[in-house]
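Engineer: Quick check, what structure comes out for this input:
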Amino acid sequence: MNTTDLKGKWNELKGKLKQQYADLIDDDLLYEEGKEDELYGKIQQRVGKTKEEVKKMIDDL
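Structural biologist: Below is the predicted model of the structure:
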């Protein structure tokens, strides 16, 4: 998923991620343009997956 897709669908994806991973909080899922790597890092820490796994997880939603 590229940055434009991520930005456009983020609210929908955020809800799905919170349903799947209860450990994620709103602050973890705060999308700021240009800070995608930070976002992936926060999710990665919470769910214990690699960055590639997190990206795939988001793509699969």
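
Engineer: buried set for the helix or strand of the chain with the lowest mean pLDDT?
Structural biologist: In the chain, no helix or strand scores lower on mean pLDDT, DSSP states H and E than helix 3-20, which sits at a mean of 86. Within helix 3-20, the residues that qualify as buried by neighbour count (16 or more other C-beta atoms under 10 Å) are 6, 10, 13-14, 17. Glycine gets a C-beta too; all of them are placed from N, C-alpha and C.

Engineer: just checking, what packs against it?
Structural biologist: Helices and strands touching helix 3-20, by 3 or more C-beta pairs under 8 Å, 6 or more residues apart in numbering; DSSP states H and E, are helix 36-47, helix 51-60.

Engineer: could I have the shortest one exported to CSV, CA atoms only?
Structural biologist: Once non-C-alpha atoms are left out, helix 51-60 reads as follows in CSV (Å, rounded to 0.1, in the frame of the first residue of the first chain):
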residue,chain,number,x,y,z
LYS,A,51,8.0,-3.8,9.9
GLU,A,52,7.4,-6.0,6.8
GLU,A,53,4.8,-8.1,8.7
VAL,A,54,3.0,-4.9,9.8
LYS,A,55,3.0,-3.6,6.3
LYS,A,56,1.6,-6.9,5.0
MET,A,57,-1.0,-7.0,7.8
ILE,A,58,-2.2,-3.5,6.8
ASP,A,59,-2.2,-4.4,3.1
ASP,A,60,-4.3,-7.5,3.9
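
Engineer: That helix to helix 3-20, inter-axis angle?
Structural biologist: What separates the directions of helix 51-60 and helix 3-20 is an angle of 90 degrees, with axes from the mean of the first three to the mean of the last three C-alpha atoms, to 10 degrees.

Engineer: Count the residues that sit near the nearest residue to Q44 once chain neighbours are set aside.
Structural biologist: With sequence-adjacent residues excluded and distances taken as C-beta to C-beta, 6 or more residues apart in numbering, Q44 is closest to V54, at 5.1 Å. For V54, the number of neighbouring residues by other C-beta atoms under 10 Å comes to 20.
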